[in-house]
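> need coordinates for the below:
(one chain, ligands or ions: 1)
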Amino acid sequence: MKKVIKFIIFIIIGSLTCYGIYNDIDRVNKQKIVKTTKEEVIDYNGAKYNGWLQVSGNKLLNEHKKEIQLKGISTHGIQWFGHLYTYENLQNLKDTWGINTFRISLYTDPNSDGYIKNKELKNQVIKLIDYSIKLDMYVIVDWHILNDNNPQTYKKEAIEFFNEISKKYKNNNNVIYEICNEPNGNVTWEKDIYPYANDIIKVIRKNSKKALVIVGTPDWCKDLDSVSKKPLKYKNVIYSLHFYAGSHDKKLRDKIDKFREKDLAVFVSECGITDVSGNGKIYEEKFKEWINYLDEKNISWIFWALSNKNESSSLLTEDYEVLDSYIEIGDNGSLTVKKGNDLNDYLTEVGYIVKNIMTK
Ligand code: IDC
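Residues are numbered from 1 along each chain as shown. Sure thing, here's the model as predicted:
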C-alpha cells in the first residue's frame with residue numbers, strides 16, 4: 001500500500017515538474033516569436049513591401065500584382081516652404097496620418113524663383129527623396145510647370161534634371177517621376193506634351209527601367225480625351241488628373257470613367273478642397289464625394305498642400321514654425337530637452353478634415 005502511495009506521489013510530482021519545464025519552454029518560444037515579429041515588422045503600405053509599381057490596363061499594381069492606391073501629401077513650392085519639410089514632419093505624417101507617398105513640387109518657372117533660376121533646389125529635392133526612402137515611402141518628383149505653361153519651354157533643363165535624378169536612384173523603387181505638372185494655355189497633347197513625354201521618358205528609362213512615370217495632361221491636367229486619341233507607346237506610364245472640389249464635379253469624374261474604359265490609367269497627383277485658386281471657400285462635402293469615388297476605383301491621390309501660407313488650401317496654420325529640439329531651463333535650474341513643434345497641434349480646418357479622411 002505504502003509503495004502505491006509513493007508511486008502516486010512520484011507521478012504527481014513528476015507531472016508538475018514536466019508541466020513547469022514545458023511552460024518555461026513555451027514562454028521562451030513565445031518571447032522568441034514576439035521578438036522575431038518585432039524585428040520583421042512589415043509595412044504593407046510601404047515601398048519596401050510593394051516594390052516597383054506597375055501599370056496594367058487602367059490599374060496600378062504592386063510588385064505582387066495586387067492593386068494599390070497611393071495616398072499622400074504634396075509640398076507647396078519648396079523654394080518658399082522648404083524649411084517645413086523636415087524628416088520629423090514627414091515621419092509624423094506617415095505615422096499619424098498613414099500616408100505612404102510624398103510629392104515634392106519643384107517649381108520650374110524662374111519668375112516664381114523656380115529651378116531654372118535656382119538650381120540649388122535640386123539638393124533639396126535629393127534630400128527629400130532620401131528622407132522618403134528612409135521612411136519607406138513612395139516619393140513623387142514633380143517638375144512643377146505652371147505659369148511657364150508648356151513643358152517644351154524648359155525641355156533641355158528637364159532632360160538634364162531627370163537624367164541626373166533617375167541615374168542616382170536607378171535601383172530605387174520609391175521614386176516616381178512626374179514629368180510636367182499642369183500644361184496649360186496654348187498647349188496641345190499632340191504637338192507639345194506627347195513629344196516632350198517621349199523624350200523625357202526615354203532618358204528616365206535608360207537609367208531606371210522599371211520606374212513609374214506620371215504624365216501631365218492638357219488644360220491643367222483635365223483633358224484626358226485628347227490623350228486617349230493618341231496614348232504614349234511606353235509601358236508603365238500613368239496620366240495625371242487634377243481636381244479642385246470647388247471647381248470640378250461629376251462631369252470630370254465621367255471623363256475619368258470614359259478614359260479608364262479605354263484601359264488607360266489615371267493618377268490624381270494633385271487635388272484640393274477649395275476652388276482652383278487654392279483659396280477662399282472650403283468645399284468639404286464635394287471633396288468627400290471625390291475621395292469616395294477615388295477610393296472606390298482605387299485611384300491614387302495626393303493633397304495640395306503642406307504649408308502654413310495664409311490661404312485656405314494650407315494644412316497648417318500661419319503661426320506654425322518648425323523648431324528643432326531645444327533645451328528648457330526649469331525654475332530649479334534643471335535642463336530638459338524638448339522636441340520641436342508637432343504639426344498636428346497646428347492644423348487648419350482643412351488640416352483636420354484631410355487628416356480625418358486619411359485616417360478613417
Ligand atoms: C498655388 C498656391 C499658391 C501660389 C500659386 C502660384 O496654392 O499659394 O501662389 O500656386 O504659385 C494648381 C497648381 C498649384 C496651385 C494650386 C492652387 O498646381 O501650384 O498652387 N493649383 O491654385 N493647379 C490647380 C490649383
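> any idea how far the residue in the stretch 151-300 of the chain that the ligand sits nearest to lies from G185?
The stretch 151-300 of the chain approaches the ligand most closely through G278 (2.7 Å), counting by C-beta to the nearest ligand atom. C-beta here means a position set from N, CA and C on the backbone, and glycine is covered the same way. Separation of G278 from G185 (C-beta to C-beta, to the nearest Å): 18 Å.
> excluding covalently adjacent residues, which one is nearest to D109?
Excluding its sequence neighbours, the residue lying closest to D109 (C-beta to C-beta, 6 or more residues apart in numbering) is D148, at 4.4 Å.
> secondary structure class of the one you found, three-state.
Assigned state for D148: coil (three-state reduction, DSSP: H, G, I helix; E, B strand; the rest coil).
> make sure it is actually in contact with K117.
No. Taking contacts as C-beta atoms under 8 Å, D148 lies outside contact range of K117: 11.4 Å.
> who's more crowded, those two?
Higher neighbour count among D148 and K117: D148, with 23 against 14, using other C-beta atoms under 10 Å.
> ok, the more buried one - contacts?
Neighbouring residues of D148 by C-beta atoms under 8 Å, 6 or more residues apart in numbering: T108, D109, G114, Y154.
> for it, give its distance to S74.
Distance, D148 to S74, using C-beta to C-beta: 18 Å.
> again, but for N89
Distance, N89 to S74, using C-beta to C-beta: 14 Å.
> how about the strands in the chain?
For the chain, the strands defined by DSSP state E cover 54-56, 59-61, 71-75, 101-107, 138-144, 175-178, 213-215, 237-244, 266-272, 301-306, 326-329, 335-338.
> among these, which is nearest S132?
With C-beta to C-beta as the measure, strand 138-144 is the member of those nearest S132 (3.6 Å).
> distance from that closest one to the middle of the chain?
The chain centroid and the centroid of strand 138-144 are separated by 9 Å under C-alpha atoms, centre = their mean, to the nearest Å.
> quick one: that strand to strand 101-107, angle?
In terms of direction (axes from the mean of the first three to the mean of the last three C-alpha atoms, to 10 degrees), strand 138-144 departs from strand 101-107 by 20 degrees.
> who's more crowded, N89 and S74?
In this view N89 and S74 are compared by other C-beta under 10 Å, and S74 has more residues nearby, 24 against 20.
> what sits against the closest residue to that one other than its chain neighbours?
Once flanking residues are discounted, S74 sits nearest to R103: 3.9 Å by C-beta to C-beta, 6+ apart. By C-beta under 8 Å, 6+ apart, the contact set of R103 is G72, I73, S74, T75, V139, I140, D142, E178, S269, E270, I302.
> out of those, who's near the ligand?
Near the ligand, judged by C-beta under 6 Å from any ligand atom, the entries from those are E270.
> between the contacts of R103, which sits nearest the ligand?
Proximity to the ligand was ranked across those by C-beta to the nearest ligand atom; first place goes to E270, at 5.4 Å.
> quick check: the closest one touching S74?
Yes. With contact defined as C-beta under 8 Å, E270 reaches S74; the gap is 5.9 Å.
> residues in contact with both of those two, list them for me.
Common neighbours of E270 and S74 (C-beta under 8 Å, 6+ apart) are R103, I302, W304.
> burial count for the second one?
This points to I302. Neighbour number of I302 under other C-beta under 10 Å is 26.
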